[in-house]
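> Kindly return the folded structure for what I paste below:
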Amino acid sequence: MTEHGASIACVDALARLPGPGGVRFVEVFRHGTLSLELYAPRGHDSQQPHARDELYVVVEGDGSFVCGDERTRFERGDALFAPAGRAHRFEDFSDDLVVWVMFYGPEGGETATR
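Residues are numbered from 1 along each chain as shown. Reported below is the predicted structural model:
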């Protein structure tokens, strides 16, 4: 990757999983406040709330996304948002779940706009 652009192949990121200690995510790119990770949980999603806003894009798989009190069904191609500090997790997901994860903005999240 260079300052002029980047190309990140999902297959290359998947080849780095599982990581040390069996972790199911890997950071593949960072620029300014943006951090891009690939996340491929298996069996159970034990993540905790994060300090920054988070956008998921589903590469493969389906299931339910729980964010706060809301439950949403998702499938390949869907985008899901979790604001900073809010409890969220994937539930009842298929064994092939793979998502791009984008963390961005300041700790505590950005101000909501309409």
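> which residues does the residue positioned nearest the centre of the chain contact?
By C-alpha atoms, centre = their mean, the chain has its centre lying nearest to residue 101, at 2.6 Å. By C-beta atoms under 8 Å, 6 or more residues apart in numbering, the residues touching residue 101 are 25, 36, 37, 38, 39, 54, 55, 56. In this view, the C-beta of every residue, glycine as well, is placed from N, C-alpha and C.
> any chance you could map the helices in the chain?
Assigned by DSSP state H, the chain shows helices spanning 10-14.
> Find the pair from the contacts of residue 101 with maximum spatial separation.
Across the contacts of residue 101, the longest distance by C-beta to C-beta is 14.5 Å; it joins 25 and 55.
> And those two? Which one has more around it.
residue 25 (18 against 15; other C-beta atoms under 10 Å).
> And that one, what's its pLDDT?
Note on residue 25: pLDDT of 96.
> separation between it and residue 87?
Residue 25 is 18 Å from residue 87, where distance means C-beta to C-beta, to the nearest Å.
> got it, and residue 93?
17 Å.
> Compare those two (neighbour count), which wins?
residue 93 (21 against 12).
> Please name the nearest non-neighbouring residue to the more buried one.
Spatial nearest neighbour of residue 93, chain neighbours left out: residue 63 (3.0 Å); criterion: C-beta to C-beta, 6 or more residues apart in numbering.
> buried ones in stretch 65-72?
65, 66, 67 (16 or more other C-beta atoms under 10 Å).
> for stretch 106-114, that is, sorry about that
residue 109.
> How about stretch 25-39?
Result for stretch 25-39 [16+ other C-beta under 10 Å]: buried residues 25, 26, 28, 35, 36, 37, 38, 39.
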